[in-house]
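Undergrad: Just a sequence and a predicted model for now, questions to come.
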Amino acid sequence: MSGADFLNLFQGIATMVSGDPLITAGRIMLIIAGITLVFLGAKGTLEPLIMIPMGMGMASVNAAVLYLSATTTGTIFIDPMVSDPAKLFDALQINFLQPIYTFTFSNGLIACLLFLGIGVITDIGYIMMAPFKGMLIAIFAELGTILTFPLAVWIGLTYKEAAAISVVGGADGPMVLFTSLILAKDLFVPITIVAYLYLSLTYGGYPYLIRLMVPKRLRGIKMDLKNIPKISRMEKITFSVITSTILCLLFPVAAPLFMSFFLGVIIKESGVKRFLEFLEGPVLYGATFFLGLLLGVLCEASTILNPKVMNLLILGIFALLLSGIGGILGGYVLYFATKGKFNPVIGIAGVSCIPTTAKVAQKEIQKVNHRAIILPYAMGASVSGVITTAIIAGIFVTILR
Amino acid sequence: MKTAAFIGPVQFVALAYFICIIVSLSVAWFIRILFSGIKWQKHIVHAHAIAEKMARNKYIAGKKD
């Protein structure tokens, strides 16, 4: 038995030895990165719901490259670039994750399913109790999106690609997925991976930004919780139906996302128990699981080793950092406008990573003043952030499509 | 896309941000209007109830006389 025969027996190793050295190095790095993500997810350092399936997919797909014919290599996980109907039909029969990718991922359905689930776990009443404050913070927290766009164009991305990466500043995973699928299909894999990777880092990174920008004495400001208006279920339903319809009317391209989010909210407020259990359990967690797994599997070295990826990594972190800064600046504007009655830390929650940023704000405040509760206001800013990000994504998609 | 091709990236993003601000504040304004409308309706219902009660009291008082 010669060396070549031995290698053909273990094709994962054979493709690694005989392939392009750059791709081989990329595969090894991505296998290590995948394993690291699994451990960081399991430890709770990164978001486990996304990182565990993503890391596992990343490690496995880069290990399992085989010879599909005498000259071509590939995997039997997924083929994201296939578009010819006949080839797609073959791929659906061969690649085990292809049906999920084709029927839920590449048409944006998975983003809508996630938004349905997010709608079901969101209390829209938080935005309704102080609508102008929430919206103002959310507008400031779009600073990253706004400043990243011209920077991305300046470093050589097209308008569509720049818009797709700048939406990372809105810190809304499904929105990034949706925008990049429509505007920059060639880059949507790296953009979405960058987005989800950074979004899971906000939990660890934003507390430092808060401590850097807000002095301790301001972090402990207590918010007024006595004069919070009571909002009835019917008021929430009325608001959701009308707002969704108006937003769909204004931005038809983003209508699936608006409808999914507000439908989730309405189902929650209507108390339809069967739907509620279905959406907040199987739909939300099923979509999250498959999103993580597909993102990992899409991280194949030959797909991900794109010269533009390094730019995307820099732009992604720039967008999220600026959005965090913008949110806190918005918090400061309200602090001065209310003559010191508004806690500026709430501003970070305008970066709409529901409910992570709101939880980060509450956690940081309680470290200074354990009796201060700002979660209702922070959740209001977060929900407003979802709406402003959807609006800005809708504008980008409508104008640039 | 045609619109975007005519203007630079800074102008384009400024336009997008401007539209975003207008729409977001309109949503906030709509919530205010919704609440004021509901409050107003509650006041009317309340005023009707008081008027009815007063009329009933007047009728009873008139009967007694």
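TA: Nice, thanks for sending it over.
Undergrad: Tell me the helices and strands packed up against the helix or strand hosting A:Val176.
TA: Assigned by DSSP states H and E, A:Val176 belongs to helix A:173-183. Other helices and strands packing on helix A:173-183, by 3 or more Cβ pairs under 8 Å, 6 or more residues apart in numbering or on different chains; DSSP states H and E, are helix A:109-121, helix A:159-166, helix A:188-213, helix A:255-270, helix A:375-400. Where you see a C-beta, it was placed from the backbone N, CA and C, and this is true even at glycine.
Undergrad: neighbouring contacts of it?
TA: Identification of contacts with helix A:173-183 by Cβ atoms under 8 Å, 6 or more residues apart in numbering or on different chains yields A:106-108, A:110-112, A:114-115, A:118, A:160-161, A:163-165, A:167-168, A:170, A:187-188, A:191-192, A:195-196, A:199, A:253-254, A:256-257, A:291, A:389-390, A:393, A:396-397, A:400-401.
Undergrad: In ChimeraX, select just the buried ones from those residues.
TA: Buried members of the contacts of helix A:173-183, defined by 16 or more other Cβ atoms under 10 Å in any protein chain shown, are picked up in ChimeraX with:
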select /A:108,110,111,112,114,115,118,160,161,163,164,165,167,168,170,187,188,191,192,195,196,199,253,254,256,257,291,389,390,393,396,397,400
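Undergrad: near chain B, which of the contacts of helix A:173-183 show up?
TA: Restricting the contacts of helix A:173-183 to those near chain B by Cβ under 8 Å from any Cβ of the partner chain leaves A:396, A:400-401.
Undergrad: nearest to A:Lys273, of those?
TA: For these, the residue nearest A:Lys273 by Cβ to Cβ is A:Phe396; the value is 37.7 Å.
Undergrad: Going by residue numbers, what spans are strands in the stretch 1-150 of chain A?
TA: Counting by DSSP state E, counting those that start in this stretch, the stretch 1-150 of chain A has strands at residues A:66-67, A:73-74.
Undergrad: Dump those into JSON lines; add mean neighbour count and mean pLDDT as well.
TA: Listed next are the strands of the stretch 1-150 of chain A as JSON lines, based on neighbours: other Cβ atoms under 10 Å in any protein chain shown; pLDDT from 0 to 100:
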{"stretch": "strand A:66-67", "mean neighbour count": "14", "mean pLDDT": "85"}
{"stretch": "strand A:73-74", "mean neighbour count": "18", "mean pLDDT": "83"}
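Undergrad: just the helices and strands packed on helix A:173-183: most buried one?
TA: helix A:159-166 (a mean of 28; mean count of other Cβ atoms under 10 Å in any protein chain shown).
Undergrad: what's next to it, contact-wise?
TA: Contacts with helix A:159-166, where a contact means Cβ under 8 Å, 6+ apart, come from A:144-146, A:148-150, A:152-153, A:157, A:176, A:179-180, A:183-184, A:187-188, A:191, A:194, A:308, A:312, A:315-316, A:319, A:396-397, A:400, B:1, B:4, B:9, B:12.
Undergrad: ok so, going back, got CSV for the strands of the stretch 1-150 of chain A, with distance to chain B too?
TA: CSV is the format used below for these (distance: least, Cβ to the nearest Cβ, whole Å):
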stretch, distance to chain B
strand A:66-67, 41
strand A:73-74, 34
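Undergrad: Same list, these, but as JSON lines with distance to A:Gly350 please.
TA: As requested, the strands of the stretch 1-150 of chain A are exported to JSON lines (distance: least, Cβ to Cβ, whole Å):
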{"stretch": "strand A:66-67", "distance to A:Gly350": "47"}
{"stretch": "strand A:73-74", "distance to A:Gly350": "43"}
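Undergrad: on that earlier part again, any chance of the helices and strands packed on helix A:173-183 in TSV, with mean pLDDT and distance to A:Pro85 too?
TA: Shown next, in TSV, are the helices and strands packed on helix A:173-183 (pLDDT from 0 to 100; distance: least, Cβ to Cβ, whole Å):
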stretch	mean pLDDT	distance to A:Pro85
helix A:109-121	89	19
helix A:159-166	92	25
helix A:188-213	83	21
helix A:255-270	91	24
helix A:375-400	89	26
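Undergrad: nearest to A:Leu30, of those?
TA: Across the helices and strands packed on helix A:173-183, A:Leu30 has its closest neighbour in helix A:188-213 (10.6 Å, Cβ to Cβ).
Undergrad: The closest one to helix A:173-183, inter-axis angle?
TA: For helix A:188-213 against helix A:173-183, the angle by axes from the mean of the first three to the mean of the last three Cα atoms, to 10 degrees is 140 degrees.
Undergrad: Tell me the residues on chain A that lie near chain B, please.
TA: Counting by Cβ under 8 Å from any Cβ, chain A comes close to chain B at A:127-128, A:131-132, A:134-135, A:138-139, A:142, A:146, A:149-150, A:153-154, A:159, A:162, A:229, A:235, A:238-239, A:242-243, A:246-247, A:250, A:384, A:387-388, A:391-392, A:395-396, A:399-401.
Undergrad: What's the separation between A:Thr45 and A:Ser200?
TA: For A:Thr45, the distance to A:Ser200 equals 9 Å [Cβ to Cβ, to the nearest Å].
Undergrad: which element is the residue nearest to A:Leu147 when sequence neighbours are not counted on?
TA: In space, and not counting its chain neighbours, A:Leu147 is closest to A:Leu322: 5.4 Å by Cβ to Cβ, 6 or more residues apart in numbering or on different chains. A:Leu322 belongs to helix A:308-337 when assigned by DSSP H and E.
Undergrad: Give me the buried positions along that helix.
TA: Using 16+ other Cβ under 10 Å as the test for burial, helix A:308-337 gives A:308-309, A:311-335.
Undergrad: for stretch A:232-246, same thing?
TA: Within stretch A:232-246, the residues that count as buried by 16+ other Cβ under 10 Å are A:235-240, A:243-244.
Undergrad: Same list (the residues you listed) but as a markdown table, adding pLDDT and secondary structure.
TA: Output for the buried residues of stretch A:232-246, formatted as a markdown table (pLDDT from 0 to 100; DSSP: H, G, I helix; E, B strand; the rest coil):
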| residue | pLDDT | secondary structure |
| --- | --- | --- |
| A:Glu235 | 85 | helix |
| A:Lys236 | 89 | helix |
| A:Ile237 | 92 | helix |
| A:Thr238 | 88 | helix |
| A:Phe239 | 86 | helix |
| A:Ser240 | 90 | helix |
| A:Thr243 | 86 | helix |
| A:Ser244 | 90 | helix |
